[in-house]
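K.L.:
pasting a predicted model and its sequence here:
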Amino acid sequence: MKRTPVNPWSWSLQLGFNQAEILQGDARTLVCAGQTAVDGDGNPQHPDDMRRQVALALDNLEAVLGAAGMNLSHVVRLVVYSTDVDQTLASFDLLGSRLGSAGVAPPMTLLGVTRLAQPSLMVEIEATAAD
């Protein structure tokens, strides 16, 4: 699969994402459910600690990708849902460093929400991946 960034402006590159990407070629597509800061039994972890919740949600996303034979380099779109956008942005360096290490800057949306499925969860990361 060939990925071609589309950026009519450069400001988003400073934040670690492309405005769009053209995907060409044969590919498998993986649509992931939103991943949160839960343990292997689905129990919420790290209440009131956004940074640790972002890190665990990313760990869980990587586990789902790995189970499909993929990794973060295959992510072509992210949607991040947050109950506190400012706290999430303060922890975005975690997301940027992991995606940067994978060599990708997928199109991304950050949405503020009133709450997530379980009240103690503060962030949810939804991804689409392709190889």
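P.N.:
Yep, that arrived.

K.L.:
give me the contact list for the lowest-mean-pLDDT helix or strand in the chain.
P.N.:
When the helices and strands of the chain are scored by mean pLDDT, DSSP states H and E, helix 11-14 comes last with a mean of 85. For helix 11-14, the external contacting residues (CB atoms under 8 Å, 6 or more residues apart in numbering) are Asn7, Asn18, Gln19, Ala105. The C-beta positions use only the backbone N, C-alpha and C, and glycine is treated the same way.

K.L.:
same check, this time on stretch 43-55
P.N.:
Defining contact as CB under 8 Å, 6+ apart, one finds that stretch 43-55 is touched by 36-39, 56, 84, 87-88, 90-92, 94-95, 118, 120-123, 125.

K.L.:
and if we set it to 7 Å?
P.N.:
37-39, 56, 84, 87-88, 91, 94-95, 118, 120-123 (CB atoms under 7 Å, 6 or more residues apart in numbering).

K.L.:
over to stretch 116-131?
P.N.:
1, 23, 27-37, 44, 47, 50, 53-54, 57-58, 61, 65, 70, 74-84, 88.

K.L.:
buried residues in it?
P.N.:
116, 120-131 (16 or more other CB atoms under 10 Å).

K.L.:
can I get these in TSV with pLDDT and distance to Ser12?
P.N.:
Compiled in TSV, the buried residues of stretch 116-131 are given as follows (pLDDT from 0 to 100; distance: CB to CB, whole Å):
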residue	pLDDT	distance to Ser12
Leu116	97	25
Ser120	97	31
Leu121	98	27
Met122	98	24
Val123	98	20
Glu124	98	21
Ile125	98	18
Glu126	97	19
Ala127	96	18
Thr128	96	18
Ala129	95	20
Ala130	94	20
Asp131	90	24
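
K.L.:
now the closest residue to Val113 other than its chain neighbours: how far from Asp26?
P.N.:
Nearest residue to Val113, sequence neighbours excluded (CB to CB, 6 or more residues apart in numbering): Tyr81, at 5.0 Å. Going from Tyr81 to Asp26 by CB to CB, to the nearest Å gives 31 Å.
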